[in-house]
Each structure stands twice: as structure tokens, then as C-alpha cells.
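> model the following, please.
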Amino acid sequence: MKYIIEKEDEGVRLDRYLRKKLKSTPLTEIFKAMRIGKIKVNNKKKKENYRLAEGDKIFIGLEVSEEEIKEEPFIKLSPKEKEELKKGIVFENDDLIIFNKKKDVVMHKGSGYDYGVSEMFKSYFGNNSFNFVNRIDRKTSGLIIGAKNKISTRILTEEIRENNIKKKYYVLVHGIIEKEKFIIDNYLKKEEESVVVTSQDDPKGKEAITIFKTLKHGKNITLLEAELITGRTHQLRVQLSDMGYPIIGDTRYGIKDDEKSLYLNSFYCEIPKYNVKVELPVSEFFELRLKKMNL
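Now for the predicted structure:
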């Protein structure tokens, strides 16, 4: 097999490119093939960290089934699904989209789901290079960023890693928070199926910073605006639960409150690199809950 590197794959590490092309081939076998010259770039052996350049020619001398190198087929979308996707796009240009995901919708296939919004958009655009560069939980609603090509995927992923993309959430929590503004700066780490607060000295801990503003109070509930400075897994859910103000509807880190919805909504996204800023009003199910509390 031979591949010629196109512009959108320029700068990608050789091992990452090969892992996408040789999905069922063990990584150890790929590394061995590079080491002994069964995989070459421009007729020369290259190390796994080699950065590809446009026009590079990759020769793969491994026996690979046709099934492995086939791109994943697009799922079939109904007219209603296509319309829902179109309605949910709140910003679009040649490089990216910003999509308003509804609650109880999964990002990707797996865990009992045949497909998620990622697979739906690949089909919607007829583009297997489409990827969401950030993700939110199934029960979380709001803005997610989708890249239309490999170049924008790489750029946006780097922007997220450098904390250059600004994201804000509406959060409804149990309890009354009197402070008008406060910051939580702590350390989180993944532990089995959950995330826990840990110490600065824990080698597995990662710093998590959020700026909070108190917007409204009700009967034993508080509406907050949360601005993520870092983007750790379950950051808001764990930080607020640890503070003693769990998010309403959070069955993992919160309390049993018989709520079917998680009151966590991503409403603001700013991407300076692309001069993009999107802000949404408070979502409908938040409004209904707030009206119940006469807020």
C-alpha cells in the first residue's frame, strides 16, 4: 500500500497517521514494521515521531485486509434527523461548526448507542474527517465545537490544550451561595469510573480552575455562571459537589433529588483564533425549573 500525504495531514506524527490507517493492527507491530523498514517514508526508515510533510510518500509493506483500510460507512439519516442537526448549528464556516447539543444525546457511539452526534455529522457533511474537538456528557446540554477537516481539528485541539478557548456554563445547584463571585482552584484526578479532588502533591492530580458568578437565588437553589479556565473531566460537577453545592440532577456526584435532567448547560463559546463568539440564552428546561421556583 502507498499513501501520498495531503495538505490536511501535514504536521501529523507518523505513528498517529498509521494508527488511523491500520486500525486493527497492534501498535507493537506497527512500530516493529517501522524499525525493520517494512514501513518507509520517501523510501527511508523514519521514527514514530516523524512529522509528515505534504507530498510525503508512505509505503506500507504489511498484509492488511481490505476491511481495515476502508473508511467507516456513513449512517443513514432520516429527513427529521437532518433537520434537527441543521437547526442545532448556531455557527458555521469552512473550518468548523458550533452545535447546540440537547440533553440526553450522546456524543459518540458505544455503551449501548449505535451512533451519536459525531457519527451523525460525519454523515450530514459526507465527511469522515469531521470531528468534535470537545465533548460534554450525555446529560449535559449546550455548545460543542466540530472541526470539518484535519487541519482545523489539529488547530482547535491545540487551542483547547492551551486553554485559549473560552467556555461558560449555566449551573443550577442545591443550596444557597451568598458570594457574588468566587473561584475554585484545586486538583482533580481520575479514579476508576469517577473523578475525585486530590492534593497538589499528587502526581496524578491536574489543576482545575473555575470562576463562578452567582446570578439568582431561589428556595434552597442557586443559579450560577461558571467560566472554565481549565477543562478537566467532570470539573464543574466535582468542584461544586466537593464545595457542598451539588448540581441539581447529578446522580453521580450529587444527591438523589428525583430530577431527570442535569442542570448544566454550556451557553457561551469564544474562539479568538477564528474570531468566533457564540452566546445562547438560558435553555428552556432551565427556564421551566426556575419558574417553578418563582425565579
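
> report the longest helix in this protein, please.
Using DSSP state H to define each element, the chain has its longest helix at helix 150-161.

> what's that helix packed up against?
strand 141-147 (3 or more Cβ pairs under 8 Å, 6 or more residues apart in numbering; DSSP states H and E). Any C-beta I mention is one placed from the backbone N, CA and C, and that applies to glycine too.

> just checking: what are the partner strands of the strand it packs on?
According to DSSP bridges, strand 141-147 forms sheet pairs with strand 96-101 (antiparallel), strand 131-132 (antiparallel), strand 264-271 (parallel).

> okay, buried residues for stretch 252-267 please.
Residues of stretch 252-267 classed as buried by neighbour count (16 or more other Cβ atoms under 10 Å): R252, Y253, G254, E259, S261, L262, Y263, L264, N265, S266, F267.

> reformat those residues into a markdown table and put pLDDT and distance to T222 next to each item.
Below are those laid out as a markdown table (pLDDT from 0 to 100; distance: Cβ to Cβ, whole Å):
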| residue | pLDDT | distance to T222 |
| --- | --- | --- |
| R252 | 93 | 20 |
| Y253 | 95 | 17 |
| G254 | 93 | 14 |
| E259 | 89 | 15 |
| S261 | 90 | 17 |
| L262 | 94 | 16 |
| Y263 | 96 | 11 |
| L264 | 96 | 13 |
| N265 | 96 | 15 |
| S266 | 96 | 18 |
| F267 | 97 | 17 |
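
> looking at those residues, which is nearest K44?
Among those, S266 lies closest to K44 (Cβ to Cβ), at 46.1 Å.

> correct me, but the closest one touches Y169?
Yes. Judged on Cβ atoms under 8 Å, S266 makes contact with Y169 at a distance of 5.3 Å.

> now the helices for the protein?
Here the chain has its helices, by DSSP H, at 14-21, 27-36, 66-69, 79-88, 117-125, 150-161, 235-243, 284-292.

> looking at those helices, which is buried most?
Neighbour counts (mean count of other Cβ atoms under 10 Å) averaged over each of these peak at helix 235-243, with a mean of 21.

> domain ranges for this structure, per the record?
The record's domain parsing of the chain by automatic domain parsing lists 2-69, 79-161, 166-292.
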